[in-house]
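Undergrad: What shape does this take:
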Amino acid sequence: MTHSRRKSTTHIILLGATLAAALTAQDALAQARLEQAADDSWRFSAGLGVFSRPRYPGSSDTQVVAVPLVTANYGRYFIGGTPGAGFPFGVGFNIIQDDTWRFGVALGGELTKPRKASDAPILFGWGDIPETALGSVFATYTHEWLTVRGFLVSDIGGNDQGTRIAVDVEGKYVVNERLVLTAGPGVTWANGRYTQTFYGINAQQSLIAGVPPYQAGSGVNTVRFSVGAQYQLNAQWGIGANVAVAWLQGDAERSPITEDKTQTTYGVFASYRF
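TA: Now for the predicted structure:
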């Protein structure tokens, strides 16, 4: 499997609500709820997101996934969606939470396996990359129309999925009291353990697939650009959409496992606040 088999993703749909790192609809909805949950009372939101993403990191195939979006906030605590933490679901605590700064910690993980052996011919016989428990430290700075988000997320479940650090810069344009547009760039660094697990080929995998071993090291993993939109239908209902286009870098881009160096994730979502 070589770079000649890669295909380029060219269409970018300006419909989205962009967030850091690999953006998902549930993160966007959870962030909207969190910003309103400053007091010591329970707040809830429920909804559904439908989004398209690469079948696995580096894949040229996509899969469409429907995800329930459920978040509960109590003061500085949140359960369900984990906005800005680097994974979609878990529990967390905002150590600092005001109009300018948010700094917190979270525990959680993915809802599905990040890669299966059945996802591509080269992966047959390698076994799946399992779900794992993840821990995160995250921060957000907001000033008027500008937001800067960052997180450090690490595998605490012992499944060799390493550590990633991501930073995203987002500009916000308020069209009116109901419609908000967002856009901005981002970058992710990954350590060698993460990159080797997702893009490397060890000796056993090399024998099974009949390809040379490939050692993948640490470095900048992706650069990306995201655009989005959120529309508040009324006091309870909100809808939106988002798209993030990421370009693999370094050893991730050069890996024989990588079919497409351009990775696109986009989706639509709706939530009800009560």
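
Undergrad: Y199 is in contact with S218, correct?
TA: No. Counting by Cβ atoms under 8 Å, Y199 is not a contact partner of S218; they are 11.4 Å apart. All C-beta atoms are positioned from the backbone trio N, CA, C, and that covers glycine.

Undergrad: which one of those two has more residues nearby?
TA: Legend: neighbour count by other Cβ atoms under 10 Å for S218 and Y199, higher for Y199 (25 against 17).

Undergrad: so who does that one touch?
TA: Applying Cβ atoms under 8 Å, 6 or more residues apart in numbering to Y199 gives the contacts 57-58, 214, 216, 251-252, 255, 257-258.

Undergrad: make it 10 Å
TA: By Cβ atoms under 10 Å, 6 or more residues apart in numbering, the residues touching Y199 are 57-58, 190, 214-217, 221, 248, 250-258.

Undergrad: Next: F225.
TA: 12, 18, 168, 183-186, 243-247.

Undergrad: 6 Å - rerun?
TA: Residues in contact with F225 (Cβ atoms under 6 Å, 6 or more residues apart in numbering) are 185, 245.

Undergrad: Put the buried members of the contacts of Y199 into a ChimeraX selection.
TA: A single ChimeraX command selects the buried members of the contacts of Y199 (16 or more other Cβ atoms under 10 Å):
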select :57,58,190,214,216,221,248,250,251,252,253,255,256,257,258
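
Undergrad: how much space is there between the closest residue to V167 other than its chain neighbours and A72?
TA: Nearest non-adjacent residue to V167, counting by Cβ to Cβ, 6 or more residues apart in numbering: G150, 4.4 Å away. G150 sits 25 Å away from A72, going by Cβ to Cβ, to the nearest Å.

Undergrad: What of A166?
TA: Look at A166 and A72: by Cβ to Cβ, they are 25 Å apart.

Undergrad: any chance you could map the strands in the stretch 101-250 of the chain?
TA: All strands of the stretch 101-250 of the chain, identified by DSSP state E, counting those that start in this stretch, fall at 101-109, 134-143, 146-155, 163-174, 179-190, 219-232, 237-248.

Undergrad: Starting from the longest one, tell me which strands it pairs with and how they run.
TA: Strand pairing for strand 219-232, determined by DSSP bridges: strand 179-190 (antiparallel), strand 237-248 (antiparallel).
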